[in-house]
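Novice: Structure for the following, please:
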Amino acid sequence: MTNKLNVLALKELIASSIANNPHELDGYPWCKMSHEARWTALGISRTTLISIIGRPPGRPPFVSKTRMVDGIKTTLLRVGEPGPKNEHDYASMMVAVWRAWLKENLPRHRAEREARKSKLEKLAQETSDLIAKEDALVKLARVEKALRRMRQARETPTEFGYFIGLAKAWPDGMQVEIFKRVLDNLPQFMAGVRVRQALEQSQGKDVTPPRFLRYPHIKTILDYSDVALEMTEDHYQWTGTEPPAVLKALKPWKWPKPKKKA
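Specialist: This is a model prediction of the structure:
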C-alpha cells in the first residue's frame, strides 16, 4: 500500500472510531484506539504509522495529543487543524525542555558524585585517624544513597502536575521562554528565591529556610514562579527589547509608550 493510500485508510479508520467510540477533549472528538490497534487494522508497521502521523502534536493533516484515557497513556488522534494551545500543551512543551536538560546534565551530576564516592572510599581506606575515617564513612553512605536515588531523565507524574501549574502561572505563549530562562540562570533565580524567602520569614511565615540549589527543583520554581516572571521582565528592560504584548499587559506602567515624533 502506498503512503497516500495509507493516509486515506487511516483517515477512514479515525472517522469510524470516532463515530463509534469517540473521546472528547478540548471541544473535539478524538480517536482513542491504541497505536497497535491502528497499525494492525491498517496492515502496516509501527514505524510506518509514526511516519504518517508524526509525534505529538502531529503531522498534517493529523493532530495528536497524549493523554491518560481509562488509566492508560494514549495517543489521541484526529484529522483537522490544531486547536488553540491550553495549559496541558504548554506543560508538555516545558517537559520537552526539561527532558533535554536532564539528558544533558544528569551524566555530569552522576560523574561528580562518583568522583566524590571514590575520593571518600580512598580516604576511609587510607586514613589512620579514626575520627576522619568515621566522618568519611558517614559521608560515603550519603553519596551512595544519593547515587541509588538518582532520578531518570524524565519528568515524574508529580512534576508534570507542577508543569501544569507553571503553565497557568505564566503568560500564555511565554511559558517555555520563562522556564528556559530559569534553567539557564539558576543562580540568579535562586538568589531571588532566597530574598523572597527571607522576606517571608521576616513576616512570620513558615517557609523552608533559604538554600541554594545547584540543580533545578520544579516545585520550587512553581512556588516562586513570580520570581521567574520578574527575571523575564528585567531581561526585557535591561536589554531594551520589546516585550511580548501579553507580558506588557500584566504591568502596563512598567512599559511606557514610545513618544510620538513631532
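
Novice: low-scoring stretches of the protein, by residue?
Specialist: In the prediction, the chain carries residues with pLDDT under 70 at positions 1-2, 209-214, 258-262.

Novice: how about 80 then?
Specialist: Per-residue confidence for the chain (pLDDT under 80) gives these ranges: 1-2, 207-214, 256-262.

Novice: which secondary structure elements does the helix ranked longest in it contact?
Specialist: If you go by DSSP state H, the chain has its longest helix at helix 87-126. For helix 87-126, the elements it packs on are strand 62-69, helix 130-148, helix 157-169, helix 175-184, judged by 3 or more CB pairs under 8 Å, 6 or more residues apart in numbering; DSSP states H and E. Placement of C-beta: from N, CA and C, glycine included.

Novice: That one versus helix 175-184: what angle between them?
Specialist: Orientation of helix 87-126 against helix 175-184 (axes from the mean of the first three to the mean of the last three CA atoms, to 10 degrees) gives an angle of 10 degrees.

Novice: Show me which residues of helix 87-126 are buried.
Specialist: Across helix 87-126, burial judged by 16 or more other CB atoms under 10 Å covers 87-95, 97-98, 101-102, 109, 113, 116-117, 120, 123-124.

Novice: cool, stretch 151-163 as well?
Specialist: In stretch 151-163, residues buried by neighbour count (16+ other CB under 10 Å) are Glu155, Glu159, Phe160, Tyr162, Phe163.

Novice: what's next to it, contact-wise?
Specialist: Contacts of stretch 151-163 from elsewhere in the structure, counted by CB atoms under 8 Å, 6 or more residues apart in numbering, are 91-92, 94-95, 98-99, 102-103, 106, 218-219, 221-222.

Novice: Could you tell me the end-to-end distance of that stretch?
Specialist: Between the opening and closing residues of stretch 151-163 we find a distance of 17 Å, counting by CA to CA, to the nearest Å.

Novice: what do you get for stretch 118-136?
Specialist: From start residue to end residue, stretch 118-136 stretches across 11 Å - CA to CA.

Novice: What lies in contact with that stretch?
Specialist: Leu137, Lys139, Leu140, Val143.

Novice: Specify which member of those is nearest to Arg38.
Specialist: Taking CB to CB as the measure, Arg38 sits nearest to Val143 out of these, at 47.0 Å.

Novice: So that closest one is in contact with Arg110, correct?
Specialist: No: assessed by CB atoms under 8 Å, Val143 is found out of contact with Arg110, at 11.1 Å.

Novice: what do those two both touch?
Specialist: Among the neighbours of Val143, none is also in contact with Arg110 (CB under 8 Å, 6+ apart).

Novice: And the helices and strands packed on helix 87-126: which comes nearest Val207?
Specialist: Ranked by CB to CB, the member of those that lies closest to Val207 is helix 157-169, at 17.7 Å.

Novice: got the angle between the closest one and helix 87-126?
Specialist: 130 degrees.

Novice: Which strand or helix spans the residue nearest to Leu102 when sequence neighbours are not counted?
Specialist: With CB to CB, 6 or more residues apart in numbering as the measure, Ala153 is the residue that lies nearest to Leu102, at 4.1 Å, once sequence neighbours are left out. Here Ala153 sits in a region with no helix or strand, counting by DSSP states H and E.
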